[in-house]
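**Student:** Using only what follows, build the 3D model:
(one chain, ligands or ions: 1)
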Amino acid sequence: MSFKIPPSTLPLSAVKDLPKHIGRRRHLVDQLREKGITDQRVLDAIGRVPRHLFIDSSFEDFAYQDTAFPIAAEQTISQPYTVAFQSQCLNVEPGEKVLEIGTGSGYQTAVLCELGAKVFSIERQHELFLFAKRMLNQLNYSYTGKYGDGYQGMPTYAPFDKIIVTAGAREIPAALLRQLSVDGIMVIPVGVGTQKMLLIKKDKDNDYSVKKLGDFRFVPMLEEKAGE
Ligand code: SAH
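**Tutor:** From the prediction side, this is the model:
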């Protein structure tokens, strides 16, 4: 299956956030609260990000349902509940450096920006890297994006206060553990097929505590960047 992404010359006037979108977003926020998301900062951030602009326009009417959708390059935009859950686990404070692995549509990136994070994000699919960059720029979200392999992290900008992985990893990438600051937190789904969400805290160098937070399903985290 292939899905179109908006043309690179999308004019600013096409970036529309209408009252109907705002209303649907409010409803989504209520649903997330009912499903157990308690961090008001996260709920407010979700309430501000126009998710319908991060997906194919043919899905626009469903953008505020709590489901994942296909995006380009056979990937998916995460379910809003998952975005909210991972964001809540990270407990982002304004100004913190957050590394995201798997930019995808850029939706989670926007939520992290809304939380006041200084965001660094890596995507291995060139098409998605470009799409997210364009949309996030148009919406005035500033972040540092990289087209590359998330298994390597971004050593130049390390250490990071928080790391979020939005693809299912076979194991915890060692480079990411190294790039986490002491007292830093990483939230990462680990496993093949179904993943366990792990919340990892770096207590000291080479000393980590790990909590398991339930089952999720993500697209796999693959090695090396895909062809351009
Ligand atoms: N946060 C995104 C989730 C996209 S799905 C969103 O809400 O839209 C996960 C993304 O991880 C996909 O875009 C996939 O291409 C990317 N990915 C998979 N393996 C990767 C890797 N090794 N490095 C960087 N990105 C990766």
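**Student:** mind listing the helices for this structure?
**Tutor:** For the chain, the helices defined by DSSP state H cover 19-34, 40-48, 80-90, 107-114, 126-138, 174-178.
**Student:** in the fifth one, what's buried?
**Tutor:** Same thing as helix 126-138. Residues of helix 126-138 classed as buried: 127, 128, 129, 130, 131, 132, 133, 134, 135, 136 (neighbour count, 16 or more other C-beta atoms under 10 Å). Backbone N, C-alpha and C define where each C-beta goes, glycine included.
**Student:** Make sure the second one is actually in contact with residue 74.
**Tutor:** No: look at residue 128 against residue 74 with C-beta atoms under 8 Å: they stay out of range, at 10.2 Å.
**Student:** Tabulate the CA atom coordinates of stretch 90-107 in CSV.
**Tutor:** Output of stretch 90-107 as CSV, limited to C-alpha atoms (Å, rounded to 0.1, in the frame of the first residue of the first chain):
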residue,chain,number,x,y,z
LEU,A,90,9.3,10.9,30.0
ASN,A,91,8.2,13.7,32.4
VAL,A,92,9.7,16.4,30.2
GLU,A,93,10.7,19.7,31.9
PRO,A,94,11.0,22.8,29.7
GLY,A,95,14.5,23.2,28.3
GLU,A,96,15.5,19.5,28.6
LYS,A,97,17.3,17.8,25.8
VAL,A,98,15.2,15.0,24.4
LEU,A,99,16.4,12.6,21.7
GLU,A,100,13.6,10.9,19.7
ILE,A,101,14.3,7.8,17.6
GLY,A,102,11.8,7.4,14.7
THR,A,103,10.6,10.9,13.7
GLY,A,104,8.0,9.3,11.3
SER,A,105,5.3,11.9,10.6
GLY,A,106,6.8,14.3,13.1
TYR,A,107,3.7,14.3,15.3
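**Student:** what is the rounded mean pLDDT of that stretch?
**Tutor:** Mean per-residue pLDDT for stretch 90-107: 98.
**Student:** now do stretch 112-129
**Tutor:** 97.
**Student:** any residue of it up close to the ligand?
**Tutor:** Yes: on the criterion C-beta under 6 Å from any ligand atom, stretch 112-129 is in touch with the ligand at 122, 123, 124, 125, 128.
**Student:** Give me the distance between that stretch and the centre of its chain.
**Tutor:** 7 Å (C-alpha atoms, centre = their mean, to the nearest Å).
**Student:** so how far is the first residue of it from its last?
**Tutor:** Start-to-end span of stretch 112-129 (C-alpha to C-alpha, to the nearest Å) is 17 Å.
**Student:** Contacts made by stretch 33-52 with the rest, please.
**Tutor:** With contact meaning C-beta atoms under 8 Å, 6 or more residues apart in numbering, stretch 33-52 is reached by 15, 17, 21, 25-26, 28-29, 32, 60, 63-64, 66, 77, 80-81, 83-85, 87-88, 91-92, 107, 110-111, 114-115, 139.
**Student:** Quick one: buried ones out of those?
**Tutor:** Buried members of the contacts of stretch 33-52, counted by 16+ other C-beta under 10 Å: 21, 25, 28-29, 32, 63-64, 77, 80-81, 83-85, 87-88, 92, 107, 110-111, 114-115, 139.
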